[in-house]
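[1] let me see the structure of the following:
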Amino acid sequence: MQLTIDVKESALDKIMYLLEHLENDVKIISQTPSSGLDIEVVEESDPDFKYIARGREERKSHPENYLSEDEIDWD
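    Take a look at the predicted model:
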């Protein structure tokens with residue numbers, strides 16, 4: 001059986017310790033480090049730059065239209 005799990009960095013050493021000490025029963029096939037963020041710099045030459053710039057200006061001129069995720073009523 002194969003199992004894919006996403007482990008927080010804070011628990012990674014504990015999980016790996018456990019798995020490594022179960023070596024007779026568990027085989028680590030691969031490890032893929034990931035950062036929770038996939039961020040790239042947007043350059044002025046980027047085709048979407050004009051949309052981002054317009055959105056930034058909109059947010060400055062009408063901040064009341066923007067909420068934090070915690071403020072959204074999801075019900």
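[2] got any ranges where the protein has weak pLDDT?
    Filtered on pLDDT under 70, the chain yields the residue ranges 34-37.
[3] give me that answer again for 90
    Residues of the chain meeting the criterion pLDDT under 90: 1-13, 15-17, 19-42, 63-75.
[4] tell me the residue furthest from the middle of it?
    Most distant from the centre of the chain: Asn24, at 33.1 Å, with distances by Cα atoms, centre = their mean.
[5] ok, that residue to Leu18 distance?
    13 Å (Cβ to Cβ, to the nearest Å). Glycine gets a C-beta too; all of them are placed from N, C-alpha and C.
[6] give me the common contacts of the two.
    Shared contacts of Asn24 and Leu18, defined by Cβ atoms under 8 Å, 6 or more residues apart in numbering, are absent.
[7] hmm, Ile28 is touching Leu19, no?
    Yes: counting by Cβ atoms under 8 Å, Leu19 is a contact partner of Ile28 at 6.0 Å.
[8] more crowded one of the two?
    Leu19 (13 against 10; other Cβ atoms under 10 Å).
[9] any idea which element the more buried one lies in?
    Per DSSP states H and E, Leu19 falls inside helix 9-20.
[10] tell me the helix or strand right after that helix.
    Assigned by DSSP H and E, the successor of helix 9-20 is helix 49-61.
[11] now do that following helix: distance to the chain's middle.
    Taking the mean of its C-alpha atoms, helix 49-61 sits 23 Å from the chain's own mean (Cα atoms, centre = their mean, to the nearest Å).
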